[in-house]
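Participant: Build me a model from this:
(one chain, ligands or ions: 2)
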Amino acid sequence: MSGGFFITGTDTGVGKTCAAIALMRALQRQRKTVLAMKPVAAGCLMQEGILKNDDALALQFHASLPLPYPLINPYAYAEPVSPHLAGIHDPVQLAVVTQQFTLLKSQSDYVLVEGAGGWLSPINNGQSNADLAAALALPIILVVGIRLGCINHARLSLLAINQSGLPLAGWVAACTEPDMAYQQDNIAFINTCLAVPLLGVLPYLSDINFDLLANQIDVSALDIGR
Ligand SMILES: Nc1ncnc2c1ncn2[C@@H]1O[C@H](COP(=O)(O)OP(=O)(O)O)[C@@H](O)[C@H]1O
Ligand SMILES: [Mg+2]
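Facilitator: Ligands and ions are numbered 1, 2, ... in the order given. Presented below is the predicted three-dimensional model:
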């Protein structure tokens, strides 16, 4: 029994990493072994001789098994800019990512893969997150950062995900703003537009607590018995 999901979002900074960790924890509560990757990360600091990124470190920390950092994040770029610019001297090769994903998958029930930016954000000069997800052949989970403009971003993301032919397994509403007007109405509207299971509404927390966020996730819609 094994599987995985590609975690994309309506933009950068919409709550993908927090949602991924909440999902990991929710799956782990179902006695699943869960690992996660951030294959492409821009904005890294040198730590113990290698470039490391905060998202990848968080995913490493919450994994069910201890994993060497480079396996989680094969492409770690120093500059906090789009990967097609940051990685100009060491561009992403999908074959490297798929090989490492396969290795992680062989050790676990689930591997969650967090994208870089949004669905069509480039990962190198010729390919985007859509190509990365297609290479991994993973169902998609869309994280929508609930803020003004998110309906448009959610609908555009849906169109583009559908164009890829990959299944959208579900979506997560990430309330990254403390007091957005008509928050529940926006979530309800997006839920109608996306027409896939809403896996959870992650409330705004001034202090992130992954146990509380995981409480809001319903993984039963993900058909995790596969
Ligand atoms: N439920 C939440 N409540 C409050 N802040 C949140 C929540 N989820 C995410 N954030 C904050 O929003 C920012 C972006 O979240 P992150 O998960 O890093 O997004 P992404 O991975 O899409 O870039 C971070 O500062 C994070 O702490
Ligand atoms: Mg992130």
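
Participant: what does the protein put close to ligand 1?
Facilitator: 9, 12-18, 55, 174-176, 202, 204-205, 208 (CB under 6 Å from any ligand atom). Heads up, the C-betas are built off the backbone N, CA and C, glycines and all.

Participant: Count residues in the vicinity of the residue in the chain that ligand 2 sits nearest to, would you?
Facilitator: Of all residues in the chain, residue 17 sits closest to ligand 2, at 3.4 Å by CB to the ion. Residue 17: 24 surrounding residues under other CB atoms under 10 Å.

Participant: and residue 153, what are its phi and psi?
Facilitator: phi -60, psi -40 (degrees, to the nearest 10).

Participant: re the thing from before, show me which of the residues of the chain next to ligand 1 are buried.
Facilitator: Buried subset of these (neighbour count, 16 or more other CB atoms under 10 Å): 9, 14, 15, 16, 17, 18, 55, 174, 175, 176, 202.

Participant: Now residue 76: phi and psi?
Facilitator: Taking degrees, to the nearest 10, you get phi -120, psi 110 for the backbone angles of residue 76.

Participant: can you pull the contacts of it?
Facilitator: By CB atoms under 8 Å, 6 or more residues apart in numbering, residue 76 lies in contact with 41, 44, 50, 51, 52, 53, 56, 70.

Participant: Among those, which lie within strands?
Facilitator: When the contacts of residue 76 are checked against strands (DSSP state E), the matches are 41, 50, 51, 52.

Participant: farthest-separated two in the residues you listed?
Facilitator: 41 and 50 (12.0 Å; CB to CB).

Participant: Which parts of the chain are helices?
Facilitator: Using DSSP state H, the helices of the chain run over 16-29, 54-61, 69-72, 83-86, 94-105, 129-136, 150-164, 183-194, 210-215.

Participant: Out of these, indicate the one that is most buried.
Facilitator: Ranked by mean neighbour count under mean count of other CB atoms under 10 Å, the helices of the chain are led by helix 16-29, which reaches a mean of 23.

Participant: what residues does that helix touch?
Facilitator: Contacts of helix 16-29 (CB under 8 Å, 6+ apart): 5, 7-9, 34, 36, 38, 55, 58-59, 62-64, 109-110, 112, 114-115, 141, 143, 172, 174, 199-200, 202, 208, 210-211, 213-214, 216-219, 224.
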